[in-house]
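S.K.: The sequence isn't on hand, but the structure is:
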Ligand code: SF4
């Protein structure tokens, strides 16, 4: 259901999407939240461990490692940003609100509200400087610090509360290179507040236009039934809609190939969502689709006690260890976790341990090339 803390008001995390589709905010009112993915849940656990709040479930080893990496990055960026750590205050996971006139030239026309929630804000009262750290744990590309609208919004909201002289924003990622923080001074922050208010007003305008696109539609709660998105998506379904001709992609124009790549994932998601709906329908009403029925899923067995199996195979039945080992696959990630527990090392030291452990014992293969968008 709707996030009760954010309510039906726009928030900093939707700033870019709401700007790209002005009708997005109103299209979502009263619609339930999208189902959470496993990756989304892992992200919540990692954030909780990093910020020091209660994780919603028992963390896994890889999640603890990512949270520790975020913590290390926070320490490093704070050391670089603040000349001294004395008097530094750490505030975590706080939602900030801003209420302002619905019409800038007529304050009597009521107010609008918007909010934003930061992961970690480090505040240094003496120098009147603050640093907002936003942790990312997924694999989706992240907008760099200077052009990240969500972070600029958070900086503006924090400035309204603290009246800081300077606020830095920085994305932290467990893997990959960290960028230097983007620093906003008072004129920048003042401009960000006006920009924020104007964006929110446009999202609340009665004639706010919908504009579909990958970025804004990805997490929009209206996405499944939104006619604007469905019309946008339709151009990637060549059988029903003519923009992409029904012939090999070799004979498409370069622009037609771009169109296909930009929408094929959404088209696949749309087809998969319809298939899931038909599955649910068949479970509820077996005659919902003439000529089709629901086939029960396959039962899979996983060996969870290899030691006991070895006892039976080797000492019990006379099988050799060599023959048994041919049946065993050692997972590199799981082995790395065990090694980490054994050595207490992490980061580069752990990688070095693993390289020594596996030297001469691995076979390297390269998977097929994938398509990526050029920056
Ligand atoms: S699904 Fe896309 S086009 Fe429709 S309202 Fe949401 S963001 Fe806008």
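M.R.: On my side now, so go ahead. This structure is a prediction, so every number in the text was calculated from the model and none was measured. Numbers count the residues shown, from 1 in each chain.
S.K.: make it CA atoms for all contacts and neighbour counts henceforth
M.R.: OK.
S.K.: For residue 190, which non-adjacent residue is closest in space?
M.R.: The shortest distance from residue 190 to any non-neighbouring residue, by CA to CA, 6 or more residues apart in numbering, is to residue 156 (7.4 Å).
S.K.: residues in contact with that neighbour?
M.R.: Taking CA atoms under 8 Å, 6 or more residues apart in numbering, we find residue 156 in contact with 189, 190, 192, 193.
S.K.: now residue 222
M.R.: Per CA under 8 Å, 6+ apart, neighbours of residue 222: 24, 27, 28, 31.
S.K.: Report the mean per-residue pLDDT for the helix or strand that the second one is a member of.
M.R.: Element membership of residue 27, judged by DSSP states H and E, is helix 24-28. Mean pLDDT, taken over the full extent of helix 24-28, equals 95.
S.K.: Ok, stretch 268-283 next?
M.R.: Average pLDDT, stretch 268-283: 88.
S.K.: how about that stretch, does it reach the ligand?
M.R.: No: residues of stretch 268-283 contacting the ligand under CA under 6 Å from any ligand atom: none, with a closest distance of 11.9 Å.
S.K.: residues making contact with that stretch?
M.R.: Contacts of stretch 268-283 (CA under 8 Å, 6+ apart): 224, 288, 289, 293, 294.
S.K.: Can you get me the start-to-end distance on stretch 48-65?
M.R.: 13 Å (CA to CA, to the nearest Å).
S.K.: before we move on, the earlier item: buried subset of the contacts of residue 156, written for PyMOL?
M.R.: Selection of buried members from those for PyMOL, criterion 16 or more other CA atoms under 10 Å:
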select buried, resi 189+192+193
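S.K.: For the helix holding residue 27, name the packing helices and strands.
M.R.: Contact here means 3 or more CA pairs under 8 Å, 6 or more residues apart in numbering; DSSP states H and E; on that basis helix 24-28 packs against helix 15-20, helix 186-204.
S.K.: got the residues of the chain near the ligand?
M.R.: Residues of the chain lying near the ligand by CA under 6 Å from any ligand atom: 21, 23-24, 27, 210-212, 216-217, 220, 222-223, 226, 228-229.
S.K.: wait, residue 266 sits on residue 234?
M.R.: No: here residue 266 does not reach residue 234: they are 10.0 Å apart, not a contact under CA atoms under 8 Å.
S.K.: longest helix anywhere in this protein?
M.R.: helix 254-284 (DSSP state H).
S.K.: What residues sit buried inside that helix?
M.R.: 256, 260, 262, 263, 264, 266, 267, 279, 282.
S.K.: quick check, nearest of those to residue 321?
M.R.: residue 279 (45.9 Å; CA to CA).
S.K.: list the contacts for residue 166?
M.R.: Residue 166 makes contacts with 128, 129, 130, 183, 184, 185, 186, as judged by CA under 8 Å, 6+ apart.
S.K.: Apologies, that question was intended for residue 163.
M.R.: Contacts of residue 163 were listed using CA under 8 Å, 6+ apart, and they are residue 128.
S.K.: mind checking how far it is from residue 338?
M.R.: Residue 163 sits 48 Å away from residue 338, going by CA to CA.
S.K.: Could you do residue 297 as well?
M.R.: Using CA to CA, we find residue 297 at a distance of 34 Å from residue 338.
S.K.: try residue 154
M.R.: Applying CA to CA to residue 154 and residue 338 gives a distance of 39 Å.
S.K.: In terms of neighbours, single out the busier of these two.
M.R.: Remark: of residue 154 and residue 338, residue 154 carries more neighbours, 27 against 13, as counted by other CA atoms under 10 Å.
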